[in-house]
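Student: Next input, structure requested:
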Amino acid sequence: MAEDAEKGPCVHVCILLIIGVCTIIWCSLWKESACDKFSKRIQEECSNYSPPANAQLRRRSFYDEVRRRCSLYSPPPDAPLRLDKDCNKIAEAFTNAVASKDPCYITAEDYLPLMELVNQEIPTDKVLLWSKTQELKEQYMKAGGKLLTQEHMLVSHIADNLMWCGNKGSSEVKYGLFREENGICPLYPTRVFWEVAAKWFAENNRGQVHVLLNGSSSESVAYNETSVFRCAEVPNLSLKVTELHAWVICDCGVNVRDSCSGASIKQLELDLRRYVRPDIVFTCEDMDRETFLQRVKNYGSSQSKSVLWNMIGVIRGMIRSIAELYFLFYEPFLSPTVLFSPEHCCDFHLVWT
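Tutor: Residues are numbered from 1 along each chain as shown. Alright, predicted model coming up:
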């Protein structure tokens, strides 16, 4: 009993020491991420936000604008919707996500009913992510790029280039063209939406994924610490993603700020191995804008030629099959002798006897 009494204080001291050490280690390792800091900052700015005096409200209601955009949307052949498109329900869910709510306290959960209605398939090995390269992404699509971006999805189509906000004392939802500063609404509710949409998009990717990054930005490095790509897409990429190929694009005549050998790209690789899978294949390619777009055009041209030759091959095969059937069944009834080579469906001639 005496020995147990002596051990008691020692055990308590050891436990307290272990707890203390663990607390010190946890505090030293834990650090508020740049994403969290950015989110808090725009939320604080939201509380003090007032729209510019020249801000113009749209005549069409937010509900009607969402429904209009929804009705004009056609999904890509390889990205079908999982549910029948009901634009009335989609517009209602989007409106209800922000209507009669303080725009500074919108949460990801507010947008979840909308996300359930716009769910759709995302093809394997055909996705292009992008960060700080919106103009280049649009040029890529116009040049005939075959990879699908988030803008090909219904959820992004109905919100593209817009910003919006509700008001706790009103059911009206204001909206206008997207601007990071001096827009008709504070940035916060729109930022929350894009993080939700980006998270969904990332979670449903499979196979090989590509990303366009800006190596000539005057504002930040290629793998920007507060971008939607870094804050929402990379941490939520599916475990089914096996490879990520990054293009770091620079503009000719502009100082190159970042490249594949830069610290931010090395951090991207570390994050991929941390969040996605340790064995993910990561490759990176530095390229100037003109070369990149020319490669896209050349690839699209070669693909078109390949499709054309495949069609010609199919047509020739059909002609050959029809010719073989014709001469098989009707040759006995022909007065001339038909000399026909199946290997050369059109290389036949008649010999009159």
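
Student: how about the helices in the stretch 101-250 of the chain?
Tutor: Assigned by DSSP state H, counting those that start in this stretch, the stretch 101-250 of the chain shows helices spanning 112-117, 134-142, 154-157, 188-203, 228.

Student: Can you list the helices and strands that the longest one packs against?
Tutor: When contacts are defined as 3 or more CB pairs under 8 Å, 6 or more residues apart in numbering; DSSP states H and E, helix 188-203 sits against helix 34-47, helix 112-117, helix 154-157, strand 162-167, helix 228. To be clear about C-beta, it is placed using only N, CA and C from the backbone, and glycine gets the same treatment.

Student: contact partners of the fourth one?
Tutor: This points to strand 162-167. Residues from elsewhere that reach strand 162-167, judged by CB atoms under 8 Å, 6 or more residues apart in numbering: 62, 65, 98-103, 172-179, 183-187, 189-190.

Student: The same query, at a cut-off of 6 Å, please.
Tutor: 98-99, 101, 103, 173-175, 178, 183, 185, 189-190 (CB atoms under 6 Å, 6 or more residues apart in numbering).

Student: Is residue 108 in contact with residue 197, as I believe?
Tutor: No. At 10.2 Å, residue 108 does not count as touching residue 197 under the criterion of CB atoms under 6 Å.

Student: Which of the two has more residues huddled nearby?
Tutor: The neighbour comparison of residue 108 against residue 197 (other CB atoms under 10 Å) goes to residue 197, with 21 against 13.

Student: Against residue 119, how distant is that one?
Tutor: According to CB to CB, to the nearest Å, residue 197 stands 11 Å off from residue 119.

Student: Likewise for residue 254?
Tutor: With CB to CB as the criterion, residue 254 and residue 119 are 40 Å apart.

Student: Show me the shaky parts of the chain.
Tutor: 1-31, 56-57, 299-321, 323-353 (pLDDT under 70).

Student: any idea which strand is longest in it?
Tutor: In terms of residue count, the longest strand belonging to the chain (DSSP state E) is strand 241-250.

Student: In terms of secondary structure, what does that one contact?
Tutor: Where contact means 3 or more CB pairs under 6 Å, 6 or more residues apart in numbering; DSSP states H and E, strand 241-250 is packed against strand 207-214, strand 281-288.

Student: What's the first helix or strand after it?
Tutor: Using DSSP states H and E, the next helix or strand after strand 241-250 towards the C-terminus is helix 263-275.

Student: Hey, what's the angle from that following helix to strand 281-288? Just curious.
Tutor: Relative orientation of helix 263-275 versus strand 281-288 (axes from the mean of the first three to the mean of the last three CA atoms, to 10 degrees): 160 degrees.

Student: about what we covered before: mean neighbour count, the helices and strands packed on strand 241-250: which tops it?
Tutor: Greatest average neighbour count among the helices and strands packed on strand 241-250 goes to strand 207-214 (a mean of 22), per mean count of other CB atoms under 10 Å.

Student: Tabulate the CA atom coordinates of that one in PDB.
Tutor: Output in PDB follows, covering the C-alpha atoms of strand 207-214 (Å, rounded to 0.1, in the frame of the first residue of the first chain):
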ATOM      1  CA  GLY A 207      -7.300   9.600 -63.700                       C
ATOM      2  CA  GLN A 208      -5.000  12.300 -65.100                       C
ATOM      3  CA  VAL A 209      -5.700  16.000 -64.400                       C
ATOM      4  CA  HIS A 210      -4.200  19.100 -65.900                       C
ATOM      5  CA  VAL A 211      -3.800  22.600 -64.500                       C
ATOM      6  CA  LEU A 212      -3.000  26.000 -66.000                       C
ATOM      7  CA  LEU A 213      -0.900  28.200 -63.700                       C
ATOM      8  CA  ASN A 214       0.300  31.800 -64.200                       C
END
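
Student: who's in contact with the helix or strand following that strand?
Tutor: Per DSSP H and E, the first helix or strand lying C-terminal to strand 207-214 is helix 228. Contact partners of helix 228, identified using CB under 6 Å, 6+ apart, comprise 194, 198.
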